[in-house]
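Enquirer: Quick one: sequence and predicted model below, then my questions.
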Amino acid sequence: MERFTISLDENLASEFDRLIRERGYQNRSEAVRDILRGQLNTLHAQKYRSPFCVANLSYVYNHHERDLAERLTVIQHQHHDLVVASTHVHLDHDNCLETVMLRGATKAVQEFSDALIAERGVRHGQLNLIPVEKDAGHRHTHSHPKT
């Protein structure tokens, strides 16, 4: 394991220590490793365009917005090859949270997410993208039904 030292101003160090406590890290090293892994995965996926990924897209929207729920559903159906699952939560009288699990080509996942977040009435969209290697083939037996 390689060691290095960093210097932080007092305010940043205090905020970092608060983050460590809030997230339950045992020490600063664990937190730094986790943050670095996350940033490197993001950089790799965005800059180098890992060919494949799994992802979680979460967004909040106003369900009173004209036809928005239907438009969001249509977009998901148009990309059924990417959408693994979705969860819908009622936050309050006006707002809903949806989380969509995705799997597929990184470029397609990013474009799908961008299009969905850009819909009028969608707020606070966030994509968490994780690069993965594409499965070279099935290593198990089961049927794939045709519809």
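Expert: That came through fine. Residues are numbered from 1 along each chain as shown.

Enquirer: Partner strands of the helix or strand harbouring residue 98 and their direction?
Expert: Take DSSP states H and E as the rule and residue 98 turns out to sit in strand 95-105. With DSSP bridges as the test, strand 95-105 is paired with strand 52-62 (antiparallel), strand 83-90 (antiparallel).

Enquirer: can you redo those strands as TSV with mean pLDDT?
Expert: Output for the strands paired with strand 95-105, formatted as TSV (pLDDT from 0 to 100):
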stretch	mean pLDDT
strand 52-62	93
strand 83-90	95
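
Enquirer: do you know which of these lies nearest residue 3?
Expert: strand 52-62 (31.9 Å; C-beta to C-beta). Glycine gets a C-beta too; all of them are placed from N, C-alpha and C.

Enquirer: Mind listing what's buried along the closest one?
Expert: Neighbour-count burial for strand 52-62 flags 52, 53, 54, 55, 57, 58, 59, 60, 61 (criterion: 16 or more other C-beta atoms under 10 Å).

Enquirer: Contacts for it, please.
Expert: Residues outside strand 52-62 that contact it (C-beta atoms under 8 Å, 6 or more residues apart in numbering) are 45, 68-69, 72, 91, 94-106, 109, 112-113, 116-117, 119, 121-134.

Enquirer: what does stretch 112-131 give?
Expert: By C-beta under 8 Å, 6+ apart, stretch 112-131 touches 41-42, 44-46, 50, 52-62, 65, 68, 71-72, 75-76, 79, 82, 100, 102, 106, 109-110.

Enquirer: mean confidence for it?
Expert: Averaging pLDDT along stretch 112-131 yields 89.

Enquirer: just for this structure, where's the confidence low?
Expert: Low-confidence segments of the chain (pLDDT under 70): 44-49, 135-147.
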